[in-house]
Structures are given as structure tokens and as C-alpha cells.
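Engineer: Below are the sequence and a predicted model; questions follow.
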Amino acid sequence: MGPFYLRRLRRRPWRPLCVLLLCAAFAALLCRLSEQAAGQERELERVHSSMDVRCTVSDVRGTSTTSLRMSEGIIWRVTDPEGPLTPHVRDLRMTKEFYYDCAELGVSSGALTGVTDESCAEALDPAFGAEVEYFSEGFYGSSDLLCLVSEGLYSQLGGSGSVALALRDPYGELWGDASGEYEFTVAGRYPGGGTEIYIPWPCAAGLMEELSGTLSCDSMTFYARDNRRLGALAEAAASTFCPVDPAGSSTIYSYALTVHDSQYLETVETLEASIRRTQLTIPALLQGALAAGLLSSYLYMRGERRSFALMRTIGMPRARLAIAMLCEQLVPQAAGCALAAAVFGGALPAAVLFACTLFGVCAGAVPVIQQRPSALLSKKE
């Protein structure tokens with residue numbers, strides 16, 4: 001079979017070369033499309049799992065996200081394990097605003113803010129270039145009387161490790177004992193010379209519960225825990241928040257929730273549209289390969305019909321002739337698919353393409369193989 005095939009190959013070398021190059025081009029394109037589809041799926045999964053969708057609580061008009069004085073019931077909904085919004089919330093950030101007087105620092109009605117983490121304030125957030133120097137670890141999770149002061153206030157303290165602050169609630173009323181003073185340990189300093197002092201959220205919550213018996217917060221932001229469940233998040237939030245209403249016509253809700261998901265939804269829509277186009281292109285390419293195999297087999301059989309009839313006449317068995325016909329067509333195609341798989345690393349797409357061309361070649365060869373030699377010779381070229 002080998003010498004016979006080589007003799008036929010030398011007789012018309014351009015034919016297998018063209019078939020090889022055509023199959024290599026088809027297989028290369030299929031490999032690239034398959035790789036592109038897999039990359040798009042990975043990117044879509046990355047967007048679902050890692051793109052941040054921020055949710056911000058504001059007043060109903062959407063004009064303010066601070067000084068909201070949200071009640072303990074709202075905090076429970078996003079922090080308690082049984083709260084309706086808790087399963088949908090991650091990286092919850094809350095602040096609480098107090099006021100303080102400090103004779104040692106010469107500050108009257110200074111701002112004292114409880115924060116859940118450093119991103120709650122630009123003065124502490126590394127994303128805004130802040131470089132906070134912490135004197136101890138675990139500041140934001142501590143319930144002790146700790147505080148962060150500016151470098152300017154720290155220099156006024158002369159390196160002292162504590163500061164006495166007379167606390168006032170947001171309405172200006174003095175808290176605490178007769179002097180209203182609490183001794184805070186200085187746990188760090190942030191750049192600048194401002195008078196605002198920051199305390200950990202657990203510390204602020206403890207002060208509120210101790211002094212007023214209530215818990216509240218003045219600002220709240222969080223991120224969606226699962227971007228695929230934004231609908232469930234909106235449904236759970238509907239009992240507590242309303243969409244922003246610039247006219248302020250809502251009389252049921254006191255606060256609005258804005259889900260900043262436009263970029264996420266736009267990205268997902270673009271990726272899904274691209275994946276759909278790729279998924280439609282791959283079957284079309286395989287159908288083209290099937291049609292090309294069928295057409296090439298038909299043309300090959302038509303051109304070699306007399307040769308096949310003569311081979312049958314001189315006694316070549318039908319099975320041997322069938323094998324010779326298929327090998328002559330399939331060897332260049334297999335070589336082209338193997339070349340594309342080796343270059344582009346897509347063994348499975350190349351194998352699928354070869355299977356389609358094999359089916360097309362067999363479909364074109366079977367009618368010729370089944371005919372008698374006399375029938376093949378009687379047909380005109």
C-alpha cells in the first residue's frame with residue numbers, strides 16, 4: 001500500500017499539498033476559536049467572581065450619604081446572621097459621627113468618627129495616598145478606647161500615649177460622667193494637621209450602647225457578595241430601602257439604596273454576546289469542513305473513476321481499493337490537522353475537525369466503491 005500511494009502522490013503532488021494546507025487552515029482557525037471561547041468563559045467567570053459591585057445607602061433624594069442616623073434595625077438587617085440582607089453583603093463599611101471637646105488640644109466641637117476600616121475615610125485610605133502609622137495591630141476590630149489622631153494633634157500631645165476627650169452626641173449633648181471625659185489610647189497617627197479623630201467601630205458601638213442604649217450609623221456602603229444574585233439582593237433590600245427618588249415623593253422609606261452595577265452589567269453583556277458569536281461560528285466552521293470533505297471526495301472520485309474501474313478490472317479487491325482511496329484523501333487531511341494542533345495546541349478541536357472531514361470523505365467515497373467496474377466505465381467524465 002505504501003509504494004502504491006507514493007507513486008500516485010508523485011503523479012499529482014499539488015493535490016495532497018492543497019488538501020493539507022486547507023485542512024491546516026481550517027484546523028488552525030478552529031483551534032483559535034476554541035481557545036478564544038475558553039478565554040471568554042474564563043474572563044466572564046472572573047467578572048462574576050471578582051468585579052466589585054458597590055452598594056451605597058443615601059437619603060431618599062440621593063443627595064447625601066452621610067449623617068443619615070440609621071437605626072439599629074437597619075444595622076441588624078446587614079450584620080446579623082439572620083438578617084435578610086446579610087447573605088448578600090460583604091465588606092460592610094459603616095461610620096458613626098460624634099463630637100468631642102479637648103482642652104489639652106485646644107479643640108472645641110471636633111469631629112470624632114467611628115469607622116469599620118481604613119477605607120471609610122480618605123485621610124486613612126491608602127488608595128488616596130494616606131500612610132497611617134499604627135502603634136498596635138488590630139485597631140479596627142478592637143472594642144477598647146483607641147483612637148487615631150493627625151500628625152498635628154500628635155505633636156501637640158508631645159508623644160503622650162493617651163488623650164482625654166469629652167464626648168458629645170450628634171445633637172451636641174454631653175456624654176459620660178460630669179466632666180464627659182473618656183481616656184483614649186493613641187493607637188496611631190495619620191498624615192496632616194486636621195482635628196478629626198477616628199475610633200474603631202466596635203468601640204463606637206460600645207459607647208453608643210453604654211451611653212444611650214441605642215445603636216446607629218451615619219453612613220453605610222457594602223459590596224454584593226455574589227454578582228450573579230443581584231436580583232435576590234434587590235428583592236431583599238426592597239423591604240428596607242427604595243430606589244433614589246430625586247423628587248423625594250416616597251413617604252414609606254427613609255433611605256435609598258443605589259447599586260452601582262452598570263459597569264458590571266455592561267461588561268457581562270459584552271462578554272456574553274462575544275461568547276454567543278464564537279459559539280455560532282464554531283458549528284458553522286465544522287459544517288464547512290464537512291461540506292469541504294464531501295466536495296473534495298466527490299471531485300476526487302469523479303476524476304479517478306476510470307482508474308478505480310481499471311484497478312477493479314485487473315483484480316484489486318474492493319476492500320483494498322477502498323482503503324487506498326480513503327488513505328489517499330485522508331493522509332493529507334490528517335497531516336494538516338496534526339500540524340495545526342502542534343502549532344496552536346488544540347488537539348481536541350483538530351480531532352473534531354478531522355472527524356468531520358472523515359465523515360465527508362466517506363460519504364463521497366461509498367457510492368463509488370459500491371458501483372461495479374462496468375458502471376464506472378460507462379459514465380462520462
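Structural biologist: Arrived safely, thanks for sending.

Engineer: Contact partners for the closest residue to residue 260 other than its chain neighbours?
Structural biologist: What sits nearest to residue 260 in space, not counting adjacent residues and going by Cβ to Cβ, 6 or more residues apart in numbering, is residue 54, at 4.7 Å. Bear in mind the C-beta positions are built from the backbone N, C-alpha and C, glycine included. Residues near residue 54 by Cβ atoms under 8 Å, 6 or more residues apart in numbering: 221, 222, 223, 260.

Engineer: hmm, try it at 7 Å
Structural biologist: Contact partners of residue 54, counting by Cβ atoms under 7 Å, 6 or more residues apart in numbering, are 221, 223, 260.

Engineer: For the last one, give me its contacts.
Structural biologist: Meaning residue 260. Counting by Cβ under 7 Å, 6+ apart, residue 260 touches 53, 54, 56.

Engineer: Let me see the confidence value for it.
Structural biologist: Listed pLDDT for residue 260 reads 94.

Engineer: ditto for the second one
Structural biologist: For residue 223, the pLDDT comes out at 95.

Engineer: next structured bit after the helix or strand where it lies?
Structural biologist: According to DSSP states H and E, residue 223 maps onto strand 219-224. As assigned by DSSP H and E, the chain's next helix or strand after strand 219-224 is helix 230-237.

Engineer: what angle separates that next one from strand 219-224?
Structural biologist: Calculated by axes from the mean of the first three to the mean of the last three Cα atoms, to 10 degrees, helix 230-237 forms an angle of 150 degrees with strand 219-224.

Engineer: Which strands or helices does the helix or strand where residue 26 lies pack on?
Structural biologist: Assigned by DSSP H and E, residue 26 falls within helix 14-50. Secondary-structure packing of helix 14-50 (3 or more Cβ pairs under 7 Å, 6 or more residues apart in numbering; DSSP states H and E): helix 262-303, helix 318-344, helix 347-370.

Engineer: Looking at that helix now, give me its mean pLDDT.
Structural biologist: Mean pLDDT, helix 14-50: 78.

Engineer: right, and the helix or strand after it?
Structural biologist: Using DSSP H and E, the helix or strand that follows helix 14-50 towards the C-terminus is strand 54-59.

Engineer: Run me through the strand neighbours of that following strand, direction for each.
Structural biologist: strand 219-224 (antiparallel), strand 255-260 (antiparallel) (DSSP bridges).

Engineer: And for the closest residue to residue 36 other than its chain neighbours, the neighbour number?
Structural biologist: Leaving aside its chain neighbours, residue 36 sits nearest to residue 278 (5.8 Å; criterion: Cβ to Cβ, 6+ apart). The local packing of residue 278 (other Cβ atoms under 10 Å) involves 17 other residues.

Engineer: dump the residue contacts of residue 278.
Structural biologist: Per Cβ under 7 Å, 6+ apart, neighbours of residue 278: 33, 36, 37, 40.

Engineer: pLDDT at it, what is it?
Structural biologist: On the pLDDT scale, residue 278 gets 84.

Engineer: Pull out the buried residues from stretch 192-209.
Structural biologist: Buried residues in stretch 192-209, counted by 16 or more other Cβ atoms under 10 Å: 195-208.

Engineer: which one of the residues you listed is nearest residue 113?
Structural biologist: Relative to residue 113, the closest of the buried residues of stretch 192-209 is residue 198; by Cβ to Cβ it sits at 5.4 Å.

Engineer: Look up how far residue 31 lies from that closest one.
Structural biologist: From residue 198 across to residue 31, the span is 56 Å (Cβ to Cβ, to the nearest Å).

Engineer: Tell me the bridge partners for the nearest residue to residue 66 once chain neighbours are set aside.
Structural biologist: Nearest residue to residue 66, sequence neighbours excluded (Cβ to Cβ, 6+ apart): residue 219, at 5.0 Å. For residue 219, the beta-bridge partners under DSSP bridges are residue 95.

Engineer: OK, contacts around residue 219?
Structural biologist: By Cβ under 7 Å, 6+ apart, the contact list for residue 219 reads 65, 66, 68, 94, 95.

Engineer: got the contact list for the nearest residue to residue 272 once chain neighbours are set aside?
Structural biologist: Leaving aside its sequence neighbours, residue 272 sits nearest to residue 44 (Cβ to Cβ, 6+ apart; 6.9 Å). Residue 44 sits next to 268, 271, 272, 275 when contact means Cβ under 7 Å, 6+ apart.

Engineer: Distance to residue 150, neighbour count and pLDDT for those residues - can I get that in JSON lines?
Structural biologist: Formatted as JSON lines, these follow (distance: Cβ to Cβ, whole Å; neighbours: other Cβ atoms under 10 Å; pLDDT from 0 to 100):
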{"residue": "268", "distance to residue 150": "43", "neighbour count": "17", "pLDDT": "94"}
{"residue": "271", "distance to residue 150": "45", "neighbour count": "18", "pLDDT": "92"}
{"residue": "272", "distance to residue 150": "48", "neighbour count": "12", "pLDDT": "91"}
{"residue": "275", "distance to residue 150": "51", "neighbour count": "17", "pLDDT": "88"}
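
Engineer: among these, which two are most distant?
Structural biologist: The largest separation in the contacts of residue 44, counting by Cβ to Cβ, is between 268 and 275 at 10.4 Å.

Engineer: Select from the helices and strands packed on helix 14-50 the stretch with the lowest mean pLDDT.
Structural biologist: helix 347-370 (a mean of 63).

Engineer: Report how many residues lie close to residue 108.
Structural biologist: Considering only other Cβ under 10 Å, residue 108 is surrounded by 12 other residues.

Engineer: Thank you kindly, that will do.
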